[in-house]
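# Just need the structure, nothing else, for what follows:
(chains A and B)
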Amino acid sequence: MSYRVGIDTGGTFTDLVVVADDGAVELFKTPSTPAEPHEAIGNALELASRARGATVPEFLDGCELIIHGTTVALNALLTLRGARTGLLCTAGHEDSLEIRLGHKEDGHRYDFAYAPAPMLVPRRLRLPVRERVLADGSVRQPLEEDDVRAAAELFRAEGVEAVGVCFLWSFRNPAHEQRAAEILAAELPGVPVTASAELLPQLGEYVRANTVAVNSYVQPRLGRHVEQVEGLLQSYGYSGSLRYVQSNGGLTGGGAFVRRAAAALNSGPAAAPSASSYFAGETEAAGIVTLDMGGTSADMSITEESAAADLVKDATVGRYPIGLPMVNVVSIGAGGGSIASVDGRGILRVGPESAEAMPGPACYQRGGVEPTVTDALAVLGYLNQEALLGGELPISVELAREAVRSRVAEPLGISVERAALGVFEVINANMVAGVRTVTVERGHDPRDFALLTGGGATAAHAGRLAADLGIDEVLIPRVSSGLCAFGEAIADAKHTLVGSYPSPLPELDAARLESLLAELEERGRQQLREEGFADEEMWSERYLDMKYIDQVHQCSVKIPEFEIVPERLGEIADAFHARHEALYTYSEHDNVPELLNLEVTVYGRSGLPPREAGDGAAPAAAPQPRETRPAFFAEHAEEARQTPVFAGEDIGVGAAIQGPAVIEEPTTTIVVFPGWELRLVAPDLYRMARAG
Amino acid sequence: MIDSVTAEIVRNYLETVAAEVIQTMTRTSVSPIFNEAHDCSAGVFSYDDREVSLIARADAAPVHIYAALSSVEASLEFFRGNLAQGDVILVCDPYDGGSHLPDYTVVMPVFIDGKPQFFPSVRGHMPDNGGPVPGGNLKARDIWQEGFRFSPIKLYERGELREDVWEWIVRNNRLPENLRADLEAMIGGCRVGEQRIRELCDRYGIEVVLEAVRWILDSSERRMRERISAWPDGEYAATSLLDTDFAGRRDLPIKVTLRVEGDEVTADFAGSAEQTDGIANSVPANTLAFLYTAFSALCPEIPINSGFFRPVRPVLPPGTIVNANEPAAVRANTVTPGADIGDVVMKAAEGFAPERVGTCSIDLLGPWLWGKDERSGRSFLHYELLCTPTASGGVEGADGWGAWPATFSSADVPSVEMSEVQYPVLYKSGQLVTDSAAPGRWRGSAGWETVRQPHRAADQHHSIRVQGLYSPLHGFCGGCDATGNYVVIDPGGERERVVSTWTDSALSPPDELILFNSGGGGGWGNPLERDPELVRRDVLDDLVSLDGARWDYGVVLDPELMTVDPEATAAERRRLGEQRAGDRPWLSLGRKNVLERTGIEPPSETED
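Sure, this is the predicted structure:
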């Protein structure tokens, strides 16, 4: 039997998931090696091979496809270890990156001492080129080619490793940008050049220039990583295909992955929705909120009923806006290692500081003295009181209690259990706020959604979060703690193509719109064909960025599948009014909708058969708990409840367990709160719902 | 008794509500002043039968939301006993809860248990407010000449739209369709706020929420009192000068004395200029907003709400420029003298909180342009946000950066491309200016120069106001003042003329260039103590010239190698230190450049 492999390089762990053609899943985890991330990939391959008693070449011989998600580009940006980057601008407009539209980030508006964002391209490497294109695409001032050559000379002298070009209105007429890029390529062999209209042909020079700057800045580092991974696999004689996950959740080959490096920033977390869609058949909910809580952060994203991930085009990564479509993943500093403290005025805070891998939570016995979320969970009796990770990580509940007592309970003058519940509540409130930003602020009611857990830490919180969000159903895949690697292994190929056609709807030429969209679609399909997909494995979705005529901010509207003819423009207007109302509580039917940008997403099905929903027809016998232990719940904070603890391996498909209960799986712990019921609905998935 | 965990969760929730309100509003409004520049704010207010309290504010223009407190109070007072669920109130009168006529505040009472207990509110600066001149009448001499004025009024009554009222308001506006859409956006924002507040009360129960609100207010009050107690008791005074009232008076003083006594502080504006005949008069809502803005900037770690302001006692002498009597004209007050009020409070605070002070205001650079857009045949009115003042100052530990001081930075500068779509204009350039950053141990942001040219515009008129050229924003703790704002029409051309205070005329020829120079914010600390490496970096980036490095910072660089010469630098710094210790005032190179370029004569030193 053949299989495919997903490899996800995260900050703490590198996860490798093997998915067989019949849907069987195996997960392997190994510590990441941030300096040389491909080394951990080698280690993970060793683990997976050893588990089958095979050598790595033998293991890879049975593998038809490897899909890789990586935080290499993201880390290069966040740690500011990117390339020495130059940028060419329309003369007179070189300081756009520095003025930043006057913006200071949310949460720092009143902080005078908030330092400036480091410039990815210092002012001396942002060089002017005399040229000017107007809004209608006409040329007001021709390109001064000598300016480009002079810049190239300076870049060479300064040792610049990557160059971007962003001219005003280039997306309406890219000739100047293209010519400048040609000259640069000729003058600076080996230095990658990014032209803004090719990367992001959309209005708004500040975001476009930033996206270009980021692309150039992270490109050389990402390129090196791709070379290393491909070299590693070659050294094992691997001959199958290798694809990479982009920020839009879709797959691409190594060349395009590196060329559009700014689209690789969210490469890992963007795979979560693909995993969630896989399980979507198990729920009747309108969509799924995926919450992936690890050691230091929690990532949240949504998947809608159509199984489409929620894409945003105004994401900010680090302190840099990126205009390329990205899966909307909100990341907050809430993880098992988040530290709890009481500030000077008696307020309990949890996170965003984290005890990270070292020293880790106090209960890990590695010298940590500050109480973390994991310590609180241990005190509450939610976690195994002896060891975690299937017995591999011994813990000390005494140390957890001591940390919570001295740093939280005593300063607040409350009991240790009450303090631990407080830590649990505050971290949950933080995550609830994060979920609201991916649902409510995007026009969705979280109560219509199911919650799906990813990461090792989420399943202990999920029931409580669901209750606070008004969500009735929680899905807990057994592969939770490697959810992204799993999502990568089963992801579809996907290309997002964008274009621009600014026009008020009444003046719009339907035939032109149809042909522009069809052209984008065909470009995407051609790309998929080149990647080996057959036409019947492809499908596509169309989106239009629209707004009311005088508005500035547009919203992305999904357009039903039909050929756009003048008589059907009304349906496009209706779809826009409905989306506007969902997002902002009102629509203006008398106002004129205006089209700005176009977007087509083309998918290539990567072959895994759709998952069959668990039927639960033959309920297994009720499992026996391995033990009972006292645990504390918010409803009876002062008094422990004797709570049965089950081992995951004892639970058969169809078996149901009433809360309160704890289920210990090798890489995650599920807490079933009072009033909830947990059922193993299929070999790979639990479902938790309100009892009765 | 409510526990602090729950109270803090409620506080964070309410802050999120305020953020959602303003996001909804800015994303859906049609006017660039909101959707691009974010000249607006939102807050959540509570009412306990006695007083209105600000309980959460959006991360948006603070001067708006502190003033909105007055608007909610005015709504309650005006409609006492006549408020119902479903009412939506609009406030604009500066003498009844407003700041100046174009600032409209939407106030929405949320009834719980039959009482109005919460008020989500949005306030924003409307692009037009009727009256004789688009965007505001520079020559107004009383409130009636400034535009359309109305008392607090209901746009909805018990959920019913009052069409006659809407029509009356929009027909008194040059941009009726814009106004209608913007008001919809503001109301939409408040409705989102109402929904979220009801969800909160459903989850916790109204009693718990109210207890949390009391806790939130008391907690901020307690922390503010602790902060004030840590400041040494005493009187701290400062004076700012307003360049002009646009009506013939020059160099008008704004004076404040901050008296720190125990855990309270009095802000006494006695000694400020008498109210003027022109449009530069402030009213209490606006003066308090800038006073609170300065104090909130001094205490970034304290959650801002009405509790925070309880220990601050304002004294606003009636009949002065900070508290004018009706019917004085007030059009310019949200920047002039608002900016000077914020700046002078900061300057006085330098005496007791030097490590916290910095520029918290902007000084006026206000260009309005209107005429006919030949591309569409429609008339246009352009409040030129790409040419507005940038004034981020240095503070201990950080240089100024970006465009705006932290307190104004919710406002955005629009993108060049979007502006060129929306208005008949071409931007020749938008650039930082060498040597224009106010020197200091931590320097201000560099000044910003924009050159615009009408493009396919006909019959274009402009009205431009400038402040801060004669008396720029203060520097702090030995840092230099900002370099100053100015405007040049037809720069370098035959008809070149400098605008040092204001102008109001037609452009001729119709595609005449205008240059706007915004002089940045103030510096912090002695420039001779600035890390030479930081100076060197600025020289490499051409933000500081080699001459500027020597003149302003006493840093001597090798012009070939671009390295710091330590001995020469030490000697130069010694020499400059002695020279500046004398009585002769020294000017930064950037300020000298501005004086030369404009040919103006600044007022002599103020008598503090």
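# Please enumerate the strands of the stretch 351-500 of chain B.
B:365-373, B:378-383, B:425-432, B:448-454, B:457-466, B:486-489, B:497-499 (DSSP state E, counting those that start in this stretch).
# Oh, that last question was meant for the stretch 51-200 of chain A, not what I typed.
Along the stretch 51-200 of chain A, the segments classed as strands by DSSP E, counting those that start in this stretch run A:63-70, A:85-90, A:126-129, A:132-133, A:139-141, A:162-166, A:193-195.
# Return the list of strands paired to the longest one, each annotated with direction.
The reference is to strand A:63-70. As defined by DSSP bridges, the strand partners of strand A:63-70 come to strand A:3-9 (parallel), strand A:241-245 (parallel).
# Tabulate the ones you listed in JSON lines, adding columns for mean neighbour count and mean pLDDT.
Where C-beta positions appear, they are placed from N, C-alpha and C, glycine not excepted. Formatted as JSON lines, the strands paired with strand A:63-70 follow (neighbours: other C-beta atoms under 10 Å in any protein chain shown; pLDDT from 0 to 100):
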{"stretch": "strand A:3-9", "mean neighbour count": "26", "mean pLDDT": "93"}
{"stretch": "strand A:241-245", "mean neighbour count": "23", "mean pLDDT": "91"}
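# Now render these as a markdown table, adding distance to B:G548.
As requested, the strands paired with strand A:63-70 are exported to a markdown table (distance: least, C-beta to C-beta, whole Å):
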| stretch | distance to B:G548 |
| --- | --- |
| strand A:3-9 | 47 |
| strand A:241-245 | 48 |
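# one step back: nearest to chain A, out of the strands of the stretch 351-500 of chain B?
strand B:425-432 (2.9 Å; C-beta to the nearest C-beta).
# related to what we said a few turns ago, which one, of the strands of the stretch 351-500 of chain B, ends up nearest to A:C484?
strand B:425-432 (41.6 Å; C-beta to C-beta).
# got a list of what A:I347 touches?
B:4, B:8, B:219 (C-beta atoms under 8 Å, 6 or more residues apart in numbering or on different chains).
# count of residues packed around residue 56?
Chain wasn't specified; assuming chain A. For A:V56, the number of neighbouring residues by other C-beta atoms under 10 Å in any protein chain shown comes to 19.
# wait, I meant chain B there
Residues lying near B:A56 (other C-beta under 10 Å) number 28.
# Give me the spatial nearest neighbour of it, chain neighbours excluded.
B:L14 (3.8 Å; C-beta to C-beta, 6 or more residues apart in numbering or on different chains).
# Assess the claim that that neighbour and B:I55 are in contact.
Yes - counting by C-beta atoms under 8 Å, B:I55 is a contact partner of B:L14 at 5.8 Å.
# hey, what's in contact with both of those two?
With C-beta under 8 Å, 6+ apart, B:L14 and B:I55 have common neighbours B:44, B:216.
# so what's the residue nearest to B:A56 up against?
Contacts of B:L14 by C-beta under 8 Å, 6+ apart are B:44, B:55-56, B:200, B:216.
# For whichever residue of the stretch 451-600 of chain B sits closest to chain A, which residues are in contact?
In the stretch 451-600 of chain B, the residue found nearest to chain A is B:D541; the distance is 3.8 Å by C-beta to the nearest C-beta. The contact partners of B:D541, taken as C-beta under 8 Å, 6+ apart, are A:122-124.
# And B:P327, by the same measure?
B:95, B:142-144.
# where does the stretch 1-150 of chain B come near chain A, residue by residue?
For the stretch 1-150 of chain B, the residues found near chain A under the criterion C-beta under 8 Å from any C-beta of the partner chain are B:3-5, B:8-9, B:12-13, B:16, B:19-20, B:23-24, B:26-32, B:35-36, B:59-60, B:62.
# and chain B, which of the contacts of B:D541 reach it?
Near chain B, judged by C-beta under 8 Å from any C-beta, the entries from these are A:122-124.
# Name the nearest of those residues relative to chain B.
Nearest to chain B among those, with distances taken as C-beta to the nearest C-beta, is A:R123, at 3.8 Å.
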